[in-house]
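Student: Whatever this is, show me its structure:
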Amino acid sequence: MPGGPTGAKTRLMSEMKTLRKEKWIHFEDDDMDNLLKWRFALMVINPDSYFNGGYFRAEMIFSEEYPYQPPKFRFLIPITHPNIYADGQLCISILHKPGEDLMSGEEASERWSPLQGAESVLRSVLLLLDDPEINSPANVDAGVLYRDNRAEYIKRAQATVERSKRDIPRGFVMPTNFEPPPPPKSEDDADFWAESDEELDFGGSDTGDDDDDGDMADFEEGNDDDAEYEEEDDEDDKIL
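Tutor: Coordinates of the predicted model:
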């Protein structure tokens, strides 16, 4: 990079490396030279989403003032959604400049701050797809459709998903689950407990048996002593 990386590019390089490990985003190439303009696809893998199975190409543009100023985001495919403009840009609080906005009623905590990052923006976008804000829509027609004719809205969403699949690169396999597989169950657990029932001694009965035998022997010896004592008493009586 000519002149060396700036503070914005250094941070973006780190964020991009982290995001490349995620399954729900696919960068179009491995080139990290143009760190201020990202091209990628967001994938929706959620059975409950109207956009499930979507491969939505998008771009983010950053300024040299990042992270003190938010990036710009837009989808590169038309999507009928209450909070997506016709040109693919979004109406979403996290992309608005830092600080409280009295006109919109947005609090500073809802808007961009340097503590945010590219990943938090992209996750917010995915959440917005499934949970639109229809009180202040960017696309009024889509907002009315979502509110009054949900069946038609779902139909258009599914059509958008099918259209987006044309953009899946050849050889790329769409993930079906973002969760890591559970660890394999040990096959030895049942055998372990079956053997334990037979081999392990939890009652200490052998020790108890030994003690009981000892106590019985002492008791019997005690009886013999008592018998001898009674015989001696009988002899004394005869003498008297």
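
Student: Domain-wise, how is the chain divided?
Tutor: Listed domain ranges for the chain are 7-167, 189-239 (source: automatic domain parsing).

Student: can you list the ones you listed in a markdown table and add mean neighbour count, distance to T176 and mean pLDDT?
Tutor: For every residue, glycine as well, the C-beta is placed using N, CA and C. Conversion of the domains of the chain to a markdown table gives the following (neighbours: other C-beta atoms under 10 Å; distance: least, C-beta to C-beta, whole Å; pLDDT from 0 to 100):
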| stretch | mean neighbour count | distance to T176 | mean pLDDT |
| --- | --- | --- | --- |
| domain 7-167 | 16 | 6 | 92 |
| domain 189-239 | 9 | 29 | 50 |
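
Student: Make CSV from these and add distance to V173 to it.
Tutor: Converted to CSV, the domains of the chain look like this (distance: least, C-beta to C-beta, whole Å):
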stretch, distance to V173
domain 7-167, 10
domain 189-239, 34
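
Student: Which one of those lies nearest to M174?
Tutor: M174 lies closest to domain 7-167 among those, at 6.5 Å (C-beta to C-beta).

Student: Let's see the distance spanning that closest one from one end to the other.
Tutor: Start-to-end span of domain 7-167 (C-alpha to C-alpha, to the nearest Å) is 33 Å.

Student: which residues of the chain fall in helices?
Tutor: Applying DSSP state H to the chain gives helices spanning 7-19, 118-130, 140-148, 150-164, 189-199, 205-239.

Student: tilt between the second one and helix 150-164?
Tutor: Put simply, helix 118-130 runs at 130 degrees to helix 150-164, going by axes from the mean of the first three to the mean of the last three C-alpha atoms, to 10 degrees.

Student: Tell me the helices and strands packed up against helix 118-130.
Tutor: Judged by 3 or more C-beta pairs under 8 Å, 6 or more residues apart in numbering; DSSP states H and E, helix 118-130 is in contact with helix 7-19, strand 37-43, strand 55-61.

Student: Please save the CA atoms from it in PDB.
Tutor: This file holds the C-alpha atoms of helix 118-130, laid out as PDB (Å, rounded to 0.1, in the frame of the first residue of the first chain):
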ATOM      1  CA  ALA A 118     -17.900  -3.500  10.400                       C
ATOM      2  CA  GLU A 119     -19.000  -6.700  12.000                       C
ATOM      3  CA  SER A 120     -21.600  -5.000  14.200                       C
ATOM      4  CA  VAL A 121     -23.000  -3.200  11.100                       C
ATOM      5  CA  LEU A 122     -23.300  -6.400   9.100                       C
ATOM      6  CA  ARG A 123     -25.000  -8.300  12.000                       C
ATOM      7  CA  SER A 124     -27.400  -5.400  12.400                       C
ATOM      8  CA  VAL A 125     -28.200  -5.500   8.700                       C
ATOM      9  CA  LEU A 126     -29.000  -9.200   8.900                       C
ATOM     10  CA  LEU A 127     -31.300  -8.600  11.900                       C
ATOM     11  CA  LEU A 128     -33.000  -5.800  10.000                       C
ATOM     12  CA  LEU A 129     -33.900  -8.100   7.100                       C
ATOM     13  CA  ASP A 130     -35.900 -10.200   9.500                       C
END
